[in-house]
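Colleague: Quick one, what's the 3D model for this:
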Amino acid sequence: MGRKPDSDSGRARQVVAQEAARMIVDHGIRDYRLAKQKAADRLGMGARGSLPGNEEIEEAVAEQRQIFGGESHEQLLRLMRTAALSAMTLLKAYSPRLVGPVLAGTADENSSVNLHVFADSPEVIAMEIGDMGIQFKSYERRLKTRRGQVEMYAGFEFSHCNEVIQATAFPFDGLRQAPLSPINGKPMKRVDTNAVQELLKHV
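Modeller: From the prediction side, this is the model:
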């Protein structure tokens, strides 16, 4: 009795996800869509129906880093999450939230610690960071909102605990609705300081 088509399709998706994850980990490819296409081409699986979603690739990347990075990757995550918690404590007046690869467990040595912070205006946060004697540079980030619009948000990048911190500023009501993730199109997962402390207990 042969395999069911759904089983074959699921296995194909898994193989492509694992190959895409290997490319991301080994070659530093940041674009999941590009990695997915390259992996499918390399494996001769060009059929669109067999391609995994970005969430599946993100899970495979986390697994790859855990399996092949072992203790060194756990140590990297611990350092980055410790730096995140420290930076969040500095910016506690602005309800900081951790997002991105450091939260997901897919970060590498080239990743930044990404925070979302909330205030009446980005200038208030810039003044606070400056008053701490921390040198920073400003940036702008394009993020999709739930309404399907792309909006620009100001952010501030600085070094803290030997890590690059990127704090992107949102208005107060941005706490209620996270922007959409480029990985899966759903609201970004983001966590507060208590959740980061819990993460550190398990890394």
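Colleague: most residues in a single strand of this structure, which one?
Modeller: Longest strand in the chain by number of residues, with DSSP state E as the criterion: strand 150-160.
Colleague: what's next to that strand, contact-wise?
Modeller: Contacting residues not belonging to strand 150-160 are listed as 83, 86-87, 90, 112, 122, 125-126, 129, 134-145, 164-170, 179 [C-beta atoms under 8 Å, 6 or more residues apart in numbering]. Heads up, the C-betas are built off the backbone N, CA and C, glycines and all.
Colleague: Report the buried members of these.
Modeller: Among the contacts of strand 150-160, those scoring as buried are 83, 86-87, 90, 122, 125-126, 129, 136, 143, 165-170, 179 (criterion: 16 or more other C-beta atoms under 10 Å).
Colleague: what's the spacing between the longest strand of the chain and its chain's center?
Modeller: Its chain's average C-alpha position is 14 Å from that of strand 150-160, according to C-alpha atoms, centre = their mean, to the nearest Å.
Colleague: related to what we said a few turns ago, quick one: which of the contacts of strand 150-160 sit in helices?
Modeller: 83, 86, 87, 90, 122, 125, 126, 129 (DSSP state H).
Colleague: Now tabulate those in a markdown table and tack on pLDDT and distance to residue 96.
Modeller: Output for the ones in helices among the contacts of strand 150-160, formatted as a markdown table (pLDDT from 0 to 100; distance: C-beta to C-beta, whole Å):
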| residue | pLDDT | distance to residue 96 |
| --- | --- | --- |
| 83 | 98 | 13 |
| 86 | 98 | 11 |
| 87 | 98 | 7 |
| 90 | 96 | 9 |
| 122 | 96 | 14 |
| 125 | 97 | 10 |
| 126 | 97 | 15 |
| 129 | 97 | 12 |
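Colleague: quick one: which of those residues is nearest residue 98?
Modeller: residue 87 (9.2 Å; C-beta to C-beta).
Colleague: Check whether the closest one really touches residue 165, as I assumed.
Modeller: Yes. Counting by C-beta atoms under 8 Å, residue 87 does reach residue 165; the two are 4.7 Å apart.
Colleague: list residues touching both of the two?
Modeller: 113, 115.
Colleague: Show me how the record splits the chain into domains.
Modeller: Domain assignment for the chain by automatic domain parsing gives 5-52, 70-201.
Colleague: Please tell me how far residue 40 sits from residue 20.
Modeller: Using C-beta to C-beta, to the nearest Å, one obtains 8 Å as the distance from residue 40 to residue 20.
Colleague: Which of the two has more residues huddled nearby?
Modeller: The neighbour comparison of residue 40 against residue 20 (other C-beta atoms under 10 Å) goes to residue 20, with 30 against 21.
Colleague: roughly how far apart are the more buried one and residue 122?
Modeller: Using C-beta to C-beta, one gets 35 Å for the distance from residue 20 to residue 122.
Colleague: Could you do residue 66 as well?
Modeller: 36 Å.
Colleague: what's the span of stretch 43-59 from first residue to last?
Modeller: 20 Å (C-alpha to C-alpha, to the nearest Å).
Colleague: Identify the residues contacting it?
Modeller: If you take C-beta under 8 Å, 6+ apart as the criterion, stretch 43-59 is touched by 9, 12-17, 19-21, 24, 32-33, 35-36, 40, 60, 104, 106, 182-184.
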